[in-house]
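Visitor: Quick one: sequence plus predicted model below, questions after.
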Amino acid sequence: QKATSPKPGQATAWSRPAVQKNINRPKLVVGIVVDQMRWDYLYRYANRYTDGGFKRLLKDGFSCENTLINYTPTITACGHTCIYTGSVPAVHGIVGNDWYNRELSRDVYCAEDSTVNTVGSTSNAGKMSPRNMQVTTIGDELRLSNNFQSKVVGVAIKDRGAILPAGHSATAAYWYDGTTGNWVTSTYYMTQLPDWATDFNSMKWPARYLSQPWTPLYPIETYTLSTADNKPYEGPFKPAVNPTFPHNLGGDKGTPFKSISSTPFGNTMTLEFAKKALEAYGLGKGSVTDMLAISLSSTDYVGHQFGPNSVEVEDTYLRLDKDLAAFFKYLDEKVGKGQYLFFITADHGVAHVPGFMQENKLPGASWSEGKAVSDLNKLAKEQFGVEKAIEGAGNYQLYLNYDAISQAGKSATDVRDFLINTLLKDPAISNAFPLQNLMTTTLPEPMRTMMANGFNRKRSGDIQFVLQPGYIDGGKTGTTHGLWYAYDAHIPLVFMGWGVHAGKSNRTMGMTDITPTIAAMLHIQMPSGNVGHVIEEVAR
Ligand SMILES: Nc1ncnc2c1ncn2[C@@H]1O[C@H](COP(=O)(O)OP(=O)(O)OP(=O)(O)O)[C@@H](O)[C@H]1O
Ligand SMILES: [Ca+2]
Ligand SMILES: [Mg+2]
């Protein structure tokens, strides 16, 4: 077939325009991580959502309906790091919120940094930085793509929710200090709080919200998707005895401003602060793409305290839906509809409260890692004469005390296998094995890959254990997350705005695919530890 010559400037299979004059990019990328938002929360309350919030996302955006976390533990710090790096704990090094450090013989916190100081408050809440993260973020790559002209700002109540997403070369990261009620940062980013942030703090949002009780948005009898308000397996706001509305807040003498974090108003306050940051830094107003990384932590605190089937969680999502609707309207006005690339996701899900599951004859129970470790150490001492055979624990892993074992003249393998066999007698435990034997241990997918992706050779433990489905490491009230099961690992992922065509896909995608997809859309390099794949349906 005779090849027809291409019209001037028309790119065809065999020719490309000599110079791509200007690459089309959005003014701003806005990411929102909803802490602990299970994918099903998009649909569970759908008949009560407004048109401008979650429903707008699902109508105008592209929803990746089957996005699964591809590592364990499914925990906040690992989630925020993966979302903005496309990497996994085996590579990025953030193996938990905290993890045991043998050299220091103590747990270290993911964002701790003793070489920096708090800015904006008198407490130690600011001695934080991204130093423990061993890879670049999409924000770092954006700044690297244009010699640091782009601005990247992180905002969250939880320090790890602002610091890890914003990256190493962030323009700024801000988080909330519950001891003083101030939004703070650290000397890693700047030496003093900018005036706009000081002004925000002087508006005393926390005191304003905490001065009145948290009452449901609608009459409580309309919350038919949730269980009764007064349940023994929900956690009250101390000093209250019952976990029931109206929730009086600020009763915590020591940290009077902390409780706003555990209410939907924490999300409202975070979005208000994020708007001030967008305006102050002129995000989206320059000649290059900027980035605003927001994390809404309050959904996690409420979820832990009350659980997925509570009125409190339903109320939190109904209020969040309205906050998001207002925020999208704000972005349309401030940046321009279609001028910003928006995505929303979660850092992990959560299990139903064990008490609720048992009440409804469903599998689930509470288990205590602390108790298990002390029992195991007692048995190891009787059996081998070894003091504290397990020297550290966390993230469903145990760290063997090699020094104590060799001092007792015993074999580490014998002690390790004894601990594993003892653990396997526990009905709460579904599996336990040495992490160095992970690849020869019979495990189904996606469990094997998730654990291999979660295993960092220098920071992870020696023994991995897995709780039965529905089991949690917790107490009499509330719930938590961290395992490989769908309720912890199936997260929402919706892109909307610039370059995004409305639609949805049920193809299995990974949390690691978010960052390479954005990198492809922006035509910038993917971060240094990326293992994810571009979502073609979005970045087409
Ligand atoms: N098993 C649990 N049961 C009830 N509440 C919990 C549980 N685990 C954590 N919480 C509460 O949830 C809140 C969040 O805890 P924290 O900030 O330490 O992070 P986390 O929830 O443990 O982990 P992540 O930050 O990954 O969600 C805290 O108020 C904590 O007391
Ligand atoms: Ca309640
Ligand atoms: Mg949590």
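Guide: Sure, I can see it. Ligands and ions are numbered 1, 2, ... in the order given.
Visitor: Around ligand 2, which positions in the chain sit nearby?
Guide: Proximity of the chain to ligand 2 is confined to Asp229, Glu234, Pro243 under the rule Cβ under 5 Å from the ion. For the C-beta atoms, the positions are set from N, CA and C on the backbone; glycine is no exception.
Visitor: neighbours of the nearest residue to the first one once chain neighbours are set aside, just the number please.
Guide: It refers to Asp229. Nearest residue to Asp229, sequence neighbours excluded (Cβ to Cβ, 6 or more residues apart in numbering): Thr244, at 4.7 Å. Burial of Thr244 is recorded as 17 neighbouring residues (other Cβ atoms under 10 Å).
Visitor: cool, and Val88?
Guide: Around Val88 there are 32 residues (other Cβ under 10 Å).
Visitor: got it, and Leu210?
Guide: With other Cβ under 10 Å as criterion, Leu210 counts 23.
Visitor: From ligand 2, how far off is it?
Guide: Distance from Leu210 to ligand 2, counting by Cβ to the ion, to the nearest Å: 18 Å.
Visitor: Give me the buried entries from the residues of the chain next to ligand 2.
Guide: By neighbour count, with 16 or more other Cβ atoms under 10 Å, those hold Asp229, Glu234, Pro243 as buried.
Visitor: for the nearest residue to the second one once chain neighbours are set aside, helix, strand, or coil?
Guide: Closest residue to Glu234 in three dimensions, ignoring its sequence neighbours and counting by Cβ to Cβ, 6+ apart: Pro243, at 3.6 Å. Three-state secondary structure (criterion: DSSP: H, G, I helix; E, B strand; the rest coil) places Pro243 in coil.
Visitor: quick one: Pro243 and Lys231 touch, right?
Guide: Yes - between Pro243 and Lys231 there is a contact under Cβ atoms under 8 Å: 6.8 Å.
Visitor: where in the stretch 351-500 of the chain is pLDDT low?
Guide: In the prediction, the stretch 351-500 of the chain carries no residues with pLDDT under 70.
Visitor: which residues does the residue of it found nearest ligand 2 contact?
Guide: The minimum distance from the stretch 351-500 of the chain to ligand 2, using Cβ to the ion, falls at Thr477 (10.5 Å). Counting by Cβ atoms under 8 Å, 6 or more residues apart in numbering, Thr477 touches Pro232, Tyr233, Glu234, Gly235, Pro243, Gln305, Val353, Gly355.
Visitor: So which residues of the stretch 101-250 of the chain form helices?
Guide: 138-145, 159-166, 195-202, 205-210 (DSSP state H, counting those that start in this stretch).
Visitor: Comparing those helices, which yields the minimum mean pLDDT?
Guide: Mean pLDDT is lowest for helix 205-210 out of those, coming in at a mean of 90.
Visitor: how about the helix or strand just after it: buried residues?
Guide: Toward the C-terminus, helix 205-210 is succeeded by helix 264-280 as the next helix or strand (DSSP states H and E). Across helix 264-280, burial judged by 16+ other Cβ under 10 Å covers 264-271, 273-278, 280.
Visitor: Skip ahead from helix 264-280 and say which helix or strand is next.
Guide: Taking DSSP H and E, what comes next after helix 264-280 is strand 290-296.
Visitor: right, is the following helix or strand past that following strand up against ligand 1?
Guide: Scanning forward in sequence from strand 290-296 by DSSP H and E, the next helix or strand is helix 298-306. Yes - contact of helix 298-306 with ligand 1 is found when judged by Cβ under 6 Å from any ligand atom, involving Asp300, Tyr301, His304.
Visitor: Between helix 159-166 and helix 298-306, find me the angle.
Guide: 150 degrees (axes from the mean of the first three to the mean of the last three Cα atoms, to 10 degrees).
Visitor: For Lys59, grab the count of nearby residues.
Guide: For Lys59, using other Cβ under 10 Å, the count is 11.
Visitor: Relative to Met496, how far out is it?
Guide: Per Cβ to Cβ, to the nearest Å, Lys59 is found 9 Å from Met496.
Visitor: Strands along the stretch 301-450 of the chain, start to end?
Guide: 340-345, 365-367, 390-394, 397-400, 429-434 (DSSP state E, counting those that start in this stretch).
Visitor: Of those, give the one that comes closest to ligand 1.
Guide: strand 365-367 (8.0 Å; Cβ to the nearest ligand atom).
Visitor: Give me the distance from that closest one to the chain's centre.
Guide: Taking the mean of its C-alpha atoms, strand 365-367 sits 23 Å from the chain's own mean (Cα atoms, centre = their mean, to the nearest Å).
Visitor: Name the strands paired with that strand and say parallel or antiparallel.
Guide: Note on strand 365-367: by DSSP bridges, its sheet partners are strand 471-473 (parallel).
Visitor: dump the residue contacts of the residue nearest to Glu234.
Guide: Here Pro243 is in contact with Asp229, Asn230, Lys231, Glu234, Gly235, Pro236, Phe237, Gln305, Phe306, Glu312, Thr477 (criterion: Cβ under 8 Å, 6+ apart).
Visitor: what's the answer for Phe328, then?
Guide: Per Cβ under 8 Å, 6+ apart, neighbours of Phe328: Gly52, Gly53, Arg56, Phe342.
Visitor: Please verify my assumption that Trp367 contacts Gly470.
Guide: No - using Cβ under 8 Å, Trp367 makes no contact with Gly470, being 10.7 Å away.
Visitor: Name the residues contacting each of the two.
Guide: By Cβ under 8 Å, 6+ apart, no residue touches both Trp367 and Gly470.
Visitor: pLDDT and distance to Glu391 added to the residues of the chain next to ligand 2, as TSV?
Guide: Output for these, formatted as TSV (pLDDT from 0 to 100; distance: Cβ to Cβ, whole Å):
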residue	pLDDT	distance to Glu391
Asp229	98	44
Glu234	98	35
Pro243	97	37
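Visitor: In terms of distance to Arg25, which of these ranks first?
Guide: Set against Arg25, the nearest of the residues of the chain next to ligand 2 by Cβ to Cβ is Glu234 (46.5 Å).
Visitor: And that closest one, how close does it get to Val353?
Guide: Distance from Glu234 to Val353, by Cβ to Cβ: 7 Å.
Visitor: and for the two, which residues touch both?
Guide: Joint contacts of Glu234 and Val353 (Cβ under 8 Å, 6+ apart) are Phe306, Gly307, Ser310, Thr477, Gly478.
Visitor: quick one on the thing from earlier: between the residues of the chain next to ligand 2, which is nearest ligand 1?
Guide: Distances from ligand 1 to those, taken by Cβ to the nearest ligand atom, are shortest for Glu234, at 9.9 Å.
Visitor: residues contacting Ala207?
Guide: Applying Cβ under 8 Å, 6+ apart, the residues near Ala207 are Gly181, Gly250, Phe257.
Visitor: Tell me the most packed of those, by neighbour count.
Guide: Neighbour max across these (other Cβ under 10 Å) = Phe257, 22 neighbours.
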